[in-house]
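>>> Got a sequence here, can you build the structure:
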Amino acid sequence: MSKLLIVIPAYNEEENIARVVGELTAHYPQFDFVVVNDGSQDGTAALCRRLGCRLIDLPVNLGLAGAFQTGLKYAWRHGYEYALQFDGDGQHLPEFIQPMLDKIETGYDIVIASRFLNEKKPVSLRMLGSNMIETSLRLTTGAVIHDPTSGMRMFNRTMIGEFARGLNYGPEPDTIAYLIRNGARVAEVQVRMEERLAGASYLTPLNSAKYMLRMLVSILLIQNGRHFRRRDRQ
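Numbers count the residues shown, from 1 in each chain. From the prediction side, this is the model:
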């Protein structure tokens, strides 16, 4: 068994999932992976079964947070030392898994795959939102995270336990802010990411704006209160 589990939440990724798992199987067999089918309405689950993938087939759509937490519960129960959040749409490149693993093994709790650690962000409304989240993280935690909305994140055993045993742990920047406030050590590794090749992303311009606003409110207000409640219980 690998010490790392790659968790691949997938919702209606029939057009992409075969390429994603095929790449992992053919070129990165040293890593274990599990596909968490998040109540897909297409043939994602059936295709994964035909390919012989390790599959957790959720009967209803739980959303990214529920699907990822399901994968982390699996990682916790099966004794994995590390877990990686990895998209099922082909945007994340497995060639950067080993550099992230090398980084986390130096003593970090979370390692984020960053598009902008050594490169400038392009000018766009979406990157404006990313900059605002980056600023809110710096104000509330003191940490500088150049790519806070990156969906490719690696967690150590302690963090796996936090996600597996706790509630309200979505794999989002506000959760990262909360974990940093409670002592988590975070690093970034420079990566490259691809565009989605098939299917439609749920992040339309309107949904992106709603997401950014929700993250800002959560980081600046909700997670602060959550942190102080946790501190008072200790």
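>>> residues making contact with the longest helix along the chain?
As assigned by DSSP state H, the longest helix anywhere in the chain is helix 125-141. With C-beta atoms under 8 Å, 6 or more residues apart in numbering as the test, helix 125-141 has contacts from 121, 143-149, 173, 176-177, 180-181, 205, 208-209, 211-212, 215-216, 219-220, 223-224. To be clear about C-beta, it is placed using only N, CA and C from the backbone, and glycine gets the same treatment.
>>> Filter these down to the buried ones.
The neighbour-count test (16 or more other C-beta atoms under 10 Å) marks 143, 145-149, 173, 176-177, 180-181, 208, 211-212, 215-216, 219, 223 as buried among the contacts of helix 125-141.
>>> which ones among those are found in helices?
173, 176, 177, 180, 181, 208, 211, 212, 215, 216, 223.
>>> what about the helices in the protein?
Going by DSSP H, the chain shows helices at 17-27, 44-51, 63-77, 97-104, 125-141, 157-165, 173-181, 205-217, 223-233.
>>> Pick the most buried one from those.
Highest mean neighbour count of the helices of the chain: helix 173-181, a mean of 24 (counted as mean count of other C-beta atoms under 10 Å).
>>> And that helix, what does it pack against?
Contact here means 3 or more C-beta pairs under 8 Å, 6 or more residues apart in numbering; DSSP states H and E; on that basis helix 173-181 packs against strand 110-114, helix 125-141, strand 186-190, helix 223-233.
>>> now the angle from it to helix 125-141?
When axes from the mean of the first three to the mean of the last three C-alpha atoms, to 10 degrees is applied, the directions of helix 173-181 and helix 125-141 differ by 20 degrees.
>>> Residues in contact with helix 173-181: which ones?
Residues from elsewhere that reach helix 173-181 (C-beta under 8 Å, 6+ apart): 109-110, 112, 133, 136-137, 140-141, 143, 145, 148-149, 153, 159, 162, 168-169, 184, 186, 215, 218-219, 222-224, 226-227.
>>> can you tell me the average pLDDT over it?
On average, the pLDDT along helix 173-181 is 94.
>>> Now do it against helix 157-165: the angle between them, please.
Here helix 173-181 runs at an angle of 130 degrees relative to helix 157-165 (the same axes, to 10 degrees).
>>> how far out from the middle of the chain is helix 173-181?
Mean C-alpha position of helix 173-181 versus that of the full chain (C-alpha atoms, centre = their mean, to the nearest Å) differs by 13 Å.
>>> of the helices of the chain, which approaches residue 3 most closely?
Closest approach to residue 3 among the helices of the chain is made by helix 97-104 (8.5 Å; C-beta to C-beta).
>>> so where's this protein shaky on pLDDT?
The chain contains residues with pLDDT under 70 at 196, 199-204, 224-234.
>>> what about 90?
Filtered on pLDDT under 90, the chain yields the residue ranges 1, 120-127, 166-171, 195-211, 221-234.
>>> Now residue 147: closest residue in space that isn't a chain neighbour?
The shortest distance from residue 147 to any non-neighbouring residue, by C-beta to C-beta, 6 or more residues apart in numbering, is to residue 114 (3.9 Å).
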